[in-house]
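Need coordinates for the following:
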Amino acid sequence: MTETELWSSGSIDRGSGGQPLALLRGSLSRIRSGDLGVLPVVGGLFVLAVVFQTLNVHFLTAGNLVNLMVQGAVYMLLSLGTVFVLLIGEVDLSIGFIGGVAGVVTATVVYGSAGSPWCVAIGAGVAAGTAIGLFHGLLITGIGLPSFVVTLAGLLAWNGVMLIILGNGGTLPINDNVIVGLANGLIPPAVGWMIAVPLVVVFAVDRIAAVRRKIRAGNTRPPWAVVGLHIGVTAVVAAVVLALCSVNRGNFAPIRGVPFVLVIVLFFAVVWTVLLGRTAFGTYIYAIGGNAEATRRAGIAVNRIRIAVFGISGLMGAVGGIIYASRLRSVSTNLDGGTLVLYSIAAAVIGGTSLFGGRGKAVHAVLGGLVIATIDNGMGLLGLAAADRYVVTGIVLIAAVTIDSIARRSRASAGLS
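As a prediction, the model looks like this:
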């Protein structure tokens, strides 16, 4: 039996002095077989940070980094919906304008002195986006139309709906403080720490409990060192983000606190991570992306899951659209839904979600959105035109897809799914 096989079977004594070497060899073996995890996106973030900081010393300041995360929130939210669609081997080109329609519905419902409360307006916007996604899913599964065609038609049609509601060149302001605060509000640093510390503790307890369950079931478990590393990295990232948000970022008046929109992103990232990793529904999604026909023969209601996935995509499109409108404090016909679509797909793919279906994680979409925001923010600091940003984003996307294709072939050669 080789050392790799011993590692996989859990026979290596992880308490021995050779543990670090075994960990390194096990990690290298998985990388060689195409299981790259978050390495490409983390490496890309590091390179981008070094380049932009070298060219502009203000890039790594607390104010800019917090602004960068807020800028990327919309991309992260949209890409969380895109991940679900890509996991089943489909595509959603309409998610940007679904968000636009949801933003228009929200602004319309809350507008004026006779407007409804903010909760009704947000509920209406989210319901509209979810309904559109479910409608697309029904067309795709019921008639058998390609998702590319259905969602491309949706991109055009829902853009038209926005123009009809707003009128050509129209703008509808959002005056509700709660809705505006979704993207512009701040949580006091102390409250941020009160939220983050329990979440990290829950994450640590959950990771340890998961390992113990595997031990009781006699399954292969990750080494305790790896579990500790995951917990430690999570704690450090949370502490760094909170430390940045606690710094005064104002030039004339004190501005400090955690942007509320980051809590919204974290909420959905956790919900979808749990759904994909801990439920039968999530297992079925990965199975459909891996082999839809085999999943159907196993008795799984493939079409229902596909419809639900497009409903989730529509929901996240609506959330992203409402946040986008909140940040601008208005909705208008100038919404570039096409760019939002491309960025959401790019963020998901850069984050490690396979275009071929069956592989990817929700939290990786957040990292991909962070890469997109980093490029946009960094090149903005350098005073470069939008055209240059598109070129660089396109190059990064090609690199991500290339890595995905090479990793997929390596996994196939190694006999991995």
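
what are the phi and psi angles of the residue nearest in space to the middle of the chain?
Centrality entry for the chain: nearest residue to the mean C-alpha point is Ala365, 3.0 Å, by Cα atoms, centre = their mean. In terms of degrees, to the nearest 10, the main-chain angles of Ala365 are phi -60, psi -30.

Kindly report the same for Pro223.
Dihedral angles (degrees, to the nearest 10) for Pro223: phi -60, psi 150.

and it, how far is that from His230?
In this view, Pro223 and His230 are 11 Å apart by Cβ to Cβ, to the nearest Å. All C-beta atoms are positioned from the backbone trio N, CA, C, and that covers glycine.

When these two are compared, which one has more neighbours?
Comparing Pro223 with His230 by neighbour count (other Cβ atoms under 10 Å), the higher total belongs to Pro223, at 18 against 14.

Pretty sure Ala235 sits against Val201.
No. Contact criterion Cβ atoms under 8 Å: Ala235 and Val201 do not qualify, at 9.3 Å.

Which one's more surrounded, those two?
Neighbours were counted for Ala235 and for Val201 using other Cβ under 10 Å; Ala235 has more, 16 against 12.

Now do the same contact list for the more buried one.
200, 204 (Cβ atoms under 8 Å, 6 or more residues apart in numbering).

Recalculate using a threshold of 10 Å.
Contacts for Ala235 (Cβ atoms under 10 Å, 6 or more residues apart in numbering) come out as 196-197, 200-201, 203-204.

which non-adjacent residue is nearest Arg256?
Asn248 (5.0 Å; Cβ to Cβ, 6 or more residues apart in numbering).

Phi and psi next, for that neighbour.
Dihedral pair for Asn248: phi -70, psi 120, per degrees, to the nearest 10.

Would you confirm that Gly282 contacts Leu87?
Yes. Counting by Cβ atoms under 10 Å, Gly282 does reach Leu87; the two are 9.0 Å apart.

With neighbour numbers in mind, choose between these two.
More crowded of Gly282 and Leu87, by other Cβ under 10 Å: Leu87, with 25 against 18.

which other helices and strands contact the strand or helix carrying Val120?
Using DSSP states H and E, the element containing Val120 is helix 118-142. Counting contacts by 3 or more Cβ pairs under 10 Å, 6 or more residues apart in numbering; DSSP states H and E, helix 118-142 packs against helix 62-87, helix 95-110, helix 147-166, helix 177-184, helix 302-328.

Any buried residues in stretch 247-258, and which?
Using 16 or more other Cβ atoms under 10 Å as the test for burial, stretch 247-258 gives 249, 256-258.

pLDDT (mean, whole number) over that stretch?
What stretch 247-258 shows for mean pLDDT is 81.

So for Met194, what pLDDT did the model give?
Confidence score, pLDDT, at Met194: 91.

who's in contact with it?
Met194 sits next to 187-188 when contact means Cβ under 10 Å, 6+ apart.

what about the helix holding Val120, distance to the chain center?
19 Å (Cα atoms, centre = their mean, to the nearest Å).

Give the buried residues for it.
Using 16+ other Cβ under 10 Å as the test for burial, helix 118-142 gives 118, 121-122, 124-126, 128-141.

Now secondary structure and distance to Thr106 too, for the contacts of Ala235, in CSV please.
Putting the contacts of Ala235 into CSV (DSSP: H, G, I helix; E, B strand; the rest coil; distance: Cβ to Cβ, whole Å) gives the following:
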residue, secondary structure, distance to Thr106
Ala196, helix, 29
Val197, helix, 33
Val200, helix, 33
Val201, helix, 35
Phe203, helix, 32
Ala204, helix, 37
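
Show me which of these are buried.
196, 200, 203-204.

Save these as CSV, and put in distance to Ile322 too.
Output for those, formatted as CSV (distance: Cβ to Cβ, whole Å):
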residue, distance to Ile322
Ala196, 24
Val200, 28
Phe203, 28
Ala204, 33
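
Pick out the most distant pair among these.
Ala196 and Ala204 (12.6 Å; Cβ to Cβ).

For stretch 137-156, measure first residue to last.
17 Å (Cα to Cα, to the nearest Å).

what about the strands in the stretch 301-417 of the chain?
Secondary structure of the stretch 301-417 of the chain (DSSP state E, counting those that start in this stretch): strands at 330-332.

For it, which residues score under the pLDDT cut-off?
Residue ranges of the stretch 301-417 of the chain with pLDDT under 70: 404, 407-417.

Please apply the same query to the stretch 51-200 of the chain.
In the stretch 51-200 of the chain (pLDDT under 70), the answer is 113, 168-169.

Thanks a lot, see you next time.
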